[in-house]
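Colleague: please find the sequence and the predicted model below.
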Amino acid sequence: MSGTTPRRTGPADPVEAKRCADWIVAIAATRDREAFAKLFAHFAPRVKAYMFRFGGSPETAEEMAQEAMMQVWRKAHLFDPAKAAASTWIFTIARNLRIDRFRQRKHIEMDDSDPTLIIDEDPLADDVVNRNQEAVLVKAAMEELPPDQKVVVELSFFEDCSHSEIAERLDIPLGTVKSRLRLALGKLRGGLEGVE
């Protein structure tokens, strides 16, 4: 995994960029679940598209995007808004995860200067949504989930449990955990479309 400091990428809406950075700071400071839900709704589809762009199935891209966002939750305390934009930091985590996965699969060394490994980030959304409206949407979206899906989201993203740990705690098959999580995240995204 590359140890280089993340670089700022293309121009972004400064209000949007600050809002994303504030979410990560809130996650680092107080493990703010609401901030994470907003950050997840904003970035998970972009990270999935980034993963999918480099091959693999939609399911693999989805799984890697979830894993990347889990790392964002766990490593939020390492984020420094003075060194990198939130988007750059998140896509660097995603890029490093993709490189690590590729190395594990292929057992070969990769050239980190390979142009196919450079982050090609989609521009951030131009619309800035009122934070209070976002909070209402996030809470409502979580409350709409069936209990079996809500619990896997909470265990995965708020208690930092791996998929296998969730399966063990709930005494259900690993495939059921992944299926419930995939369904829940799809519903959350649908309920948070206005947040992006």
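Modeller: Right, received. Where do you want to start?
Colleague: hey, let's count contacts and neighbours off CA atoms from now on
Modeller: Will do.
Colleague: ok, which stretches of this structure are helices?
Modeller: Taking DSSP state H as the test, the helices found in the chain are 14-30, 33-53, 58-75, 86-106, 131-144, 147-153, 163-170, 174-191.
Colleague: between those, which gets the lowest average pLDDT?
Modeller: Looking at the helices of the chain, the lowest mean pLDDT belongs to helix 131-144 (a mean of 63).
Colleague: quick one: residues contacting the residue nearest to the spatial centre of the chain.
Modeller: Centroid-nearest residue in the chain, with Cα atoms, centre = their mean: M69, separated by 2.7 Å. For M69, the contact set (Cα atoms under 8 Å, 6 or more residues apart in numbering) comprises 40, 44, 90.
Colleague: so what's the second one up against?
Modeller: A44 makes contact with 65-66, 69 under the criterion Cα under 8 Å, 6+ apart.
Colleague: please repeat the previous calculation with a cut-off of 7 Å.
Modeller: 65, 69 (Cα atoms under 7 Å, 6 or more residues apart in numbering).
Colleague: also the last one?
Modeller: By Cα under 7 Å, 6+ apart, I90 lies in contact with V72.
Colleague: 8 Å instead?
Modeller: Taking Cα under 8 Å, 6+ apart as the test, what I90 contacts is 68-69, 72.
Colleague: sorry, back to before: let me know the closest of the contacts of M69 to T30.
Modeller: F40 (16.5 Å; Cα to Cα).
Colleague: thank you kindly, that will do.
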